[in-house]
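Peer 1: sequence plus the predicted model coming up.
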Amino acid sequence: MSIDRRQFLKLAGLSAAAAVGGPVAANILMRSQLQAADETPAPGALTARRWGMVVDMSKFTSEADIQRCVAACDKAHNVPHIPTKQDIKWIWEEKFGNAFPDHEQVYLAESLESRLFPVLCNHCDNPPCVRVCPTQATYKRPDGIVMMDFHRCIGCRFCMAACPYGSRSFNFGDPRPYVAQTNPEYPTRTKGVVEKCTFCVERLAKGLRPACVEASNGALIFGDLADPNSEVRQLLKERYSIQRKTALGTHPSVYYLI
Amino acid sequence: MYDAGKVLTGIVIFAVLVTFPFFLSAGKAGPKPDPKLDTPAIQALGAEKQCVESKAFMKANHMQLLNDWRDNAVREGHRQYVGLGGKKYDISLQNTCMKCHSNKTKFCDECHNYMAVKPYCWDCHVAPKEKKA
């Protein structure tokens, strides 16, 4: 038996197609088996088109008021406190001039100059951290929350360079020894991962408001900025508010009533 | 064959060296992994001991399921899982899986150590507290 060139090429082509196509087809079939199982959004979750926060500074009368919110967040998310420059911050306090450099003046009202402001991730509408993340570990959810997928973070710290608010902290070492009281319901982070405030997505999924909001006694108001009837929009309509570094065009979701 | 003696000696030495580890550990197989299910939460289930999927599925595919859970919960916000028989579960390693399987060292580590796989779940996720045996 002899084959000519044409027959040989046909045969070679067919075998190549079978060799490549077989495993691919098997893979697709196997995967559909797994995807038969279904995951759905949890019922009773709080939802919005764009989550936002209003900080009512008239209700933050002392530093203890801010510290109460910070402590609630740290406890809920196992945020470590490291007594060096490598500290981890989700929500923290800042002087007016540092929080709002655009609004700083030589002769500032004493009431602003002397007090501390609670600051956290602004969950920007145009988040620069998301643009620079090479692995899409940080991304914007459809409800406006700038979320962090700690599993995917490779610790390149581009996001820290991009964020104009200093809202991101890097774990230079294992954070676990510095977590005062570990909350068994929430993971810690590990060495080499960047972390930040997530607007408590895990609590929203259970129908709860963020931990800091709950601890603030009404000084932090959380709601849907896209809903004109929401409490946050009503407050913004009635009272004068400022935001952090608006000139940068990041469109923050956190407003301060001063 | 030239230098038959040297060649054959070389072959024998080579064969002994390569098979040496097998001879050394022959008959000394480590104990088979025996993951335990005797946690209070599982005992409380009574006769109806049922994970989110069948035992065979979990045995073969728990890693894919966990990957799937992680991506759905974190990235899609889908935090509810409809398991075997339509039963609903909260998608969470720490708050669902480990609430029943609170014996990580006797359940997870048992097979993982035997197979020498080192999943990095516990670098971040908090393992349940176990009594030191």
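Peer 2: Noted; the coordinates are in hand. Just so it is clear, the structure is predicted and the values come from calculations on it, not from any experiment. Numbers count the residues shown, from 1 in each chain, chains lettered A, B, ... in the order given.

Peer 1: when you work out contacts or count neighbours from here on, use the C-alpha atoms and nothing else.
Peer 2: OK.

Peer 1: give me the buried stretch members for the helix or strand where residue A:7 lies, please.
Peer 2: Taking DSSP states H and E as the definition, residue A:7 sits inside helix A:5-35. For helix A:5-35, the neighbour count (16 or more other C-alpha atoms under 10 Å in any protein chain shown) marks no residue as buried.

Peer 1: helix or strand right after that helix?
Peer 2: Scanning forward in sequence from helix A:5-35 by DSSP H and E, the next helix or strand is strand A:38-40.

Peer 1: contacts only, for the single nearest residue of the stretch 1-150 of chain A relative to chain B.
Peer 2: Here the stretch 1-150 of chain A gets closest to chain B at one residue, residue A:41, 4.0 Å apart by C-alpha to the nearest C-alpha. Contacts here follow C-alpha atoms under 8 Å, 6 or more residues apart in numbering or on different chains; on that basis residue A:41 touches A:205, B:77, B:78, B:79, B:80.

Peer 1: excluding its backbone neighbours, what's nearest the residue of the stretch 151-258 of chain A at minimum distance from chain B?
Peer 2: Of the residues in the stretch 151-258 of chain A, the one nearest chain B is residue A:187, at a distance of 4.3 Å by C-alpha to the nearest C-alpha. When the adjacent residues along the chain are set aside, residue A:187 lies closest to residue B:125, with 4.3 Å between them (C-alpha to C-alpha, 6 or more residues apart in numbering or on different chains).

Peer 1: can you name the residues that contact that neighbour?
Peer 2: Listed by C-alpha under 8 Å, 6+ apart, the contact partners of residue B:125 are A:186, A:187, A:188, A:189, B:93, B:94.

Peer 1: what about the first one, neighbour count?
Peer 2: Same thing as residue A:186. A total of 19 residues lie near residue A:186 under the criterion other C-alpha atoms under 10 Å in any protein chain shown.

Peer 1: which of the three states applies to residue A:108?
Peer 2: Reducing the assignment at residue A:108 to three states with DSSP: H, G, I helix; E, B strand; the rest coil gives coil.

Peer 1: where do the helices sit along the stretch 151-258 of chain A?
Peer 2: Along the stretch 151-258 of chain A, the stretches classed as helices by DSSP state H, counting those that start in this stretch are A:158-162, A:201-204, A:211-215, A:231-238.

Peer 1: out of those, which one sits most buried?
Peer 2: Mean neighbour counts were taken over the helices of the stretch 151-258 of chain A using mean count of other C-alpha atoms under 10 Å in any protein chain shown, and the top value, a mean of 21, falls to helix A:211-215.

Peer 1: that helix - contacts with which helices or strands?
Peer 2: When contacts are defined as 3 or more C-alpha pairs under 8 Å, 6 or more residues apart in numbering or on different chains; DSSP states H and E, helix A:211-215 packs onto helix A:63-77, strand A:220-224.

Peer 1: check which element follows the helix or strand where residue B:15 lies along the chain.
Peer 2: Counting by DSSP H and E, the element that carries residue B:15 is helix B:4-24. Moving toward the C-terminus from helix B:4-24, the next helix or strand (DSSP H and E) is helix B:40-43.

Peer 1: hmm, who's touching stretch B:37-53?
Peer 2: Counting by C-alpha under 8 Å, 6+ apart, the neighbours of stretch B:37-53 from elsewhere in the structure are B:58, B:83, B:84, B:87, B:89, B:99, B:100, B:101, B:102, B:103, B:107.

Peer 1: looking at those, which is nearest chain A?
Peer 2: Scanning the contacts of stretch B:37-53 for proximity to chain A, where the rule is C-alpha to the nearest C-alpha, the winner is residue B:83, at 7.0 Å.

Peer 1: does the residue nearest to that closest one when sequence neighbours are not counted sit in a helix, a strand or a coil?
Peer 2: In space, residue B:83 comes closest to residue B:52 once its chain neighbours are excluded; the distance is 4.9 Å by C-alpha to C-alpha, 6+ apart. Under the three-state scheme (three-state DSSP), the conformation of residue B:52 reads as coil.

Peer 1: give the burial count for residue B:52, as a bare number.
Peer 2: Residues contacting residue B:52 under the criterion other C-alpha under 10 Å number 18.

Peer 1: distance of it from residue A:45?
Peer 2: Residue B:52 sits 22 Å away from residue A:45, going by C-alpha to C-alpha, to the nearest Å.
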